[in-house]
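Visitor: build me a model from this:
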Amino acid sequence: MKSVKLLFKWTNRYWLRVTVILLLTIFFPITYSYVPLFTKYVIDLVDPNVTGAIPTNLPPFVVSLFERGNTILQSILYIALTLVVYQLVRASLMFYNGYSKGVLSENISRDMRVGLYDHIQELSYSYHNNVDTGDLIQRCTSDIETTRGFISGQLPEILHIIVLVSASLYQMLKINTTLTLYSMIIVPLTFTASLIYYRYVRRTFPKIEESEAKMTTIIQENLAGVRVVKAFANEKYELEKFDHQNNDFAKRNLKFNSAIAMYWGASDGITVLQYTITMGVAIFLSRNEVVRASDIIAIMMLLGSFIWPIRGLGRIIGEFGKTLVAVERIEEILKNPSEFSSDGTQTPDIKGNIEFRDVHFKFDDTDSHLLNGVNFSVKAGETVAIIGRTGSGKSTIANILTRMLDYSKGSILIDGVELKDIKKKHVRKKIGMVLQDPFLFSKTVYENISIAHKGVEKDKVYQAAQIAAMSKDIMQFEKGYDTLVGEKGTTLSGGQKQRMAIARILVDEKPVIIFDDSLSAVDTETDLAIRRALKDKTGGVTTFIITHRITTAKEADKIIVLENGVVTDIGTHKILAKKEGLYSKLWSIQGRLESEFLKLLDQGGED
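Guide: Below is the predicted model of the structure:
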């Protein structure tokens with residue numbers, strides 16, 4: 001019942017249209033149950049054994065139209081005309097009902113896609129780190145289509161079958177009770193087979209969905225990482241991995257389709273048996289003059305009107321099982337709380353004064369803390385470098401500052417305001433971050449740089465590209481700033497992607513900027529040029545540089561050394577280079593390389 005409630009919640013907005021559809025769905029089978037009675041009336045009319053008033057369940061006002069004919073032929077003509085008008089009215093309403101179901105279907109699927117997509121956008125950073133993209137794609141596409149199709153198609157069909165059986169049985173019982181009861185002997189068997197089939201679908205379909213999701217994930221990963229696959233000549237392994245999952249999906253589907261075939265074969269046999277029993281009993285009753293020919297024809301027409309839909313009930317019930325699985329998979333996403341469910345309320349003016357006080361952090365899937373009491377302070381306009389070994393928590397600090405992650409203990413003050421008290425969206429508007437592996441959209445170079453400010457002046461975009469040392473590269477492209485960047489920036493080198501991301505953040509003009517190892521893919525000369533241009537451009541902007549390069553960090557106003565989740569040293573390059581510790585060890589290795597590089601630059605200038 002819980003799953004059924006989840007299924008119907010998408011129709012609440014369209015209650016009026018749903019009500020009309022349901023009323024028409026009830027109307028059609030009731031009105032159709034009178035159609036065989038027209039045929040029965042005609043047969044009785046021409047039957048010489050029927051004398052006097054013809055017994056019929058047709059409404060009196062309809063019968064009065066037939067009786068206007070002076071001859072049998074005229075009466076049959078009136079019956080035909082009445083039936084044509086009757087069916088035209090039904091056909092018009094059926095067309096409107098089909099149109100309404102189509103509109104309802106598209107509206108529901110649109111709402112589901114938008115609602116699911118919007119909710120996914122608001123899920124936490126941790127959620128997206130632990131979910132399969134392929135599985136999300138499937139839930140946003142095939143699962144929504146399954147749900148949409150059932151709500152607009154199969155769900156009204158269930159009501160249609162129930163009303164059709166009830167209306168037909170009513171008419172059949174009015175004609176002959178004995179023949180009606182015999183014609184319904186096999187119906188409970190059909191319902192039982194449908195119920196067994198439904199339970200099988202409910203148990204089997206989730207495994208098919210999971211197998212398909214795994215296959216979709218493999219496809220998505222390989223398309224995204226095709227260059228890595230080619231670089232390692234790993235096509236054979238990836239093909240075998242896909243083939244294995246594809247075979248698993250195919251086997252599960254084949255087994256499922258075999259069950260469907262068995263069900264349809266059995267239901268066909270049951271339906272034929274139903275007709276055989278009914279005809280046998282009808283012949284026996286007719287020979288004993290219990291029923292007339294018109295009674296048999298009408299009952300067979302009424303039986304045919306619902307026996308085949310009942311046969312299809314198993315398919316509908318099977319689709320119902322699939323839909324409940326799909327709804328539950330969609331709800332698994334929706335029940336995850338939005339990251340904004342626990343949000344701050346303040347929107348202070350952020351200038352860039354930041355202070356960490358005994359900050360602790362741990363991920364939900366572990367008991368050990370990654371940050372174990374981090375303490376440091378940064379004044380507005382300072383450039384701060386954070387140095388540390390891999391896994392020491394450098395990027396975690398960046399994610400905490402942008403409220404992608406929330407600290408478990410301690411305090412972080414932004415211009416005197418507790419970070420958790422500030423709205424997340426406000427924080428992210430004021431604190432920008434450039435990642436080591438930035439994401440670029442399949443748009444033009446200009447659109448990617450100006451994506452945060454679509455109406456920005458062109459000069460600002462050009463200036464940002466110049467500061468990020470990307471301007472020369474762009475001008476070498478065939479279409480310059482109008483060059484289309486491939487999906488995820490695949491047409492650009494790693495260094496070009498990083499520099500475009502830097503240009504993008506500079507256009508946004510935020511008071512705090514974090515560079516999370518975002519110069520790792522550029523050469524040392526370009527690194528030096530960008531840092532010098534940034535220093536001139538970002539005066540008054542608080543800048544965090546997370547890096548492994550001492551050469552990148554050395555010109556910062558303050559360097560923070562992070563080890564084992566705590567700050568072990570804070571100071572300038574001159575102080576830390578002379579002090580025993582991690583920084584001096586790194587400098588002793590990288591400093592010699594920088595000296596040699598600068599000598600080469602000087603020699604090149606003299607030449």
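
Visitor: the stretch 251-400 of the chain: helices as residue ranges?
Guide: Using DSSP state H, counting those that start in this stretch, the helices of the stretch 251-400 of the chain run over residues 293-311, 313-334, 394-401.

Visitor: can I get those in CSV including distance to residue 428, mean pLDDT and mean neighbour count?
Guide: C-beta here means a position set from N, CA and C on the backbone, and glycine is covered the same way. Putting those into CSV (distance: least, Cβ to Cβ, whole Å; pLDDT from 0 to 100; neighbours: other Cβ atoms under 10 Å) gives the following:
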stretch, distance to residue 428, mean pLDDT, mean neighbour count
helix 293-311, 55, 80, 21
helix 313-334, 22, 80, 21
helix 394-401, 10, 88, 22
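
Visitor: among the ones you listed, which comes closest to residue 362?
Guide: helix 394-401 (9.9 Å; Cβ to Cβ).

Visitor: need the residues that contact the closest one.
Guide: 125, 354, 356, 359, 361, 370-371, 374, 386-388, 405-407, 412, 419, 427, 431, 433, 512, 514, 516-517, 544, 546, 562 (Cβ atoms under 8 Å, 6 or more residues apart in numbering).

Visitor: what subset of those residues is buried?
Guide: Buried members of those, scored by 16 or more other Cβ atoms under 10 Å, are 354, 356, 359, 361, 370-371, 374, 386-388, 405-407, 412, 419, 427, 431, 433, 512, 514, 516-517, 544, 546, 562.

Visitor: skip the chain neighbours and tell me the closest residue to residue 554.
Guide: The shortest distance from residue 554 to any residue other than its chain neighbours is 4.0 Å, reached at residue 573 (Cβ to Cβ, 6 or more residues apart in numbering).

Visitor: residue contacts, the one you found?
Guide: Contacts of residue 573 by Cβ under 8 Å, 6+ apart are 550, 553-556, 559, 587.

Visitor: out of those, flag the one nearest to residue 333.
Guide: Looking across the contacts of residue 573 and measuring by Cβ to Cβ, the closest to residue 333 is residue 553, at 40.9 Å.

Visitor: spit out the contact partners of that closest one.
Guide: 385, 387, 545, 547, 559, 573.

Visitor: CSV for those, including pLDDT and distance to residue 233?
Guide: Output for these, formatted as CSV (pLDDT from 0 to 100; distance: Cβ to Cβ, whole Å):
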residue, pLDDT, distance to residue 233
385, 90, 39
387, 88, 37
545, 87, 37
547, 82, 33
559, 90, 42
573, 84, 43
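
Visitor: pLDDT at residue 593, what is it?
Guide: Model confidence at residue 593, given as pLDDT, is 58.

Visitor: just residue 85 next, same as before
Guide: So residue 85 comes in at 90 (pLDDT).

Visitor: related to what we said a few turns ago, please indicate which of the contacts of residue 573 are buried?
Guide: Buried, going by 16+ other Cβ under 10 Å: 550, 553-556, 559, 587, out of those.

Visitor: next, the contact list for the most centrally placed residue in the chain, please.
Guide: By Cα atoms, centre = their mean, the chain has its centre lying nearest to residue 140, at 2.2 Å. Neighbour list for residue 140: 113, 116-117, 120 [criterion: Cβ under 8 Å, 6+ apart].

Visitor: narrow the residues you listed to just the buried residues.
Guide: Of the contacts of residue 140, these count as buried by 16+ other Cβ under 10 Å: 116, 120.

Visitor: same list (the helices of the stretch 251-400 of the chain) but as TSV, adding distance to residue 25.
Guide: Converted to TSV, those look like this (distance: least, Cβ to Cβ, whole Å):
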stretch	distance to residue 25
helix 293-311	12
helix 313-334	13
helix 394-401	53
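
Visitor: out of those helices, nearest to residue 233?
Guide: Minimum separation from residue 233 across the helices of the stretch 251-400 of the chain (Cβ to Cβ) falls at helix 394-401, 31.4 Å.

Visitor: how far off centre is the closest one?
Guide: 29 Å (Cα atoms, centre = their mean, to the nearest Å).

Visitor: adjacent strands (with direction) for the helix or strand following it?
Guide: Using DSSP states H and E, the helix or strand that follows helix 394-401 in sequence is strand 409-414. Here strand 409-414 has these sheet partners by DSSP bridges: strand 354-361 (antiparallel), strand 417-418 (antiparallel).

Visitor: name the residues of strand 409-414 that are buried.
Guide: Here strand 409-414 shows 412, 414 as buried, counting by 16+ other Cβ under 10 Å.

Visitor: for stretch 2-16, same thing?
Guide: For stretch 2-16, the neighbour count (16+ other Cβ under 10 Å) marks 6-7, 10-11, 14 as buried.

Visitor: any idea how far the helix or strand encompassing residue 6 is from the middle of the chain?
Guide: Per DSSP H and E, residue 6 falls inside helix 2-8. From the chain centre to the centre of helix 2-8 is a distance of 18 Å (Cα atoms, centre = their mean).

Visitor: and what of stretch 578-589?
Guide: 50 Å.

Visitor: per-residue confidence averaged over it?
Guide: For stretch 578-589, the per-residue pLDDT averages 80.

Visitor: related to what we said a few turns ago, could the contacts of residue 140 go into a markdown table alongside pLDDT?
Guide: Shown next, in a markdown table, are the contacts of residue 140 (pLDDT from 0 to 100):
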| residue | pLDDT |
| --- | --- |
| 113 | 87 |
| 116 | 88 |
| 117 | 88 |
| 120 | 88 |
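
Visitor: nearest to residue 320 among the buried ones among the contacts of residue 573?
Guide: residue 553 (61.6 Å).

Visitor: skip the chain neighbours and tell me the closest residue to that closest one.
Guide: Residue 553 sits nearest to residue 385 (Cβ to Cβ, 6+ apart), 3.4 Å away.

Visitor: surely the one you found and residue 545 touch.
Guide: Yes: counting by Cβ atoms under 8 Å, residue 385 touches residue 545, with 4.5 Å between them.

Visitor: so the chain: which segments form each domain?
Guide: 2-336, 354-440+498-606 (automatic domain parsing).

Visitor: all strands of the stretch 501-607 of the chain, in order?
Guide: In the stretch 501-607 of the chain, the segments counted as strands under DSSP state E, counting those that start in this stretch are 512-516, 542-546, 558-563, 566-571.

Visitor: which residues touch the host helix or strand of residue 428?
Guide: Per DSSP H and E: residue 428 is located in helix 424-430. Contact with helix 424-430 is made by 339-340, 343-344, 346-347, 350, 401-403, 414, 419, 510-512, as judged by Cβ under 8 Å, 6+ apart.

Visitor: quick one: contacts for the residue nearest to residue 182 when sequence neighbours are not counted?
Guide: Spatial nearest neighbour of residue 182, chain neighbours left out: residue 281 (4.3 Å); criterion: Cβ to Cβ, 6+ apart. Residue 281 is in contact with 178-179, 182-183, counting by Cβ under 8 Å, 6+ apart.

Visitor: for PyMOL, write the selection for the buried entries among those residues.
Guide: The PyMOL command for the buried members of those (criterion: 16+ other Cβ under 10 Å) is given here:
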select buried, resi 179+182+183
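
Visitor: helices - which of the contacts of residue 281 land there?
Guide: Per DSSP state H, helices hold the following members of the contacts of residue 281: 178-179, 182-183.

Visitor: mutual contacts of residue 385 and residue 545, please.
Guide: Common contact partners of residue 385 and residue 545 (Cβ under 8 Å, 6+ apart): 552-553, 556.

Visitor: of these, just say which sits nearest to residue 473.
Guide: residue 552 (20.2 Å).

Visitor: helix or strand right after the one helix or strand residue 31 maps to?
Guide: For residue 31, the element it lies in under DSSP H and E is helix 15-32. Sequence-wise, the next helix or strand downstream of helix 15-32 (DSSP H and E) is helix 35-46.

Visitor: rewinding a little: which one of the contacts of residue 281 is nearest residue 168?
Guide: Closest approach to residue 168 among the contacts of residue 281 (Cβ to Cβ): residue 183, at 9.8 Å.
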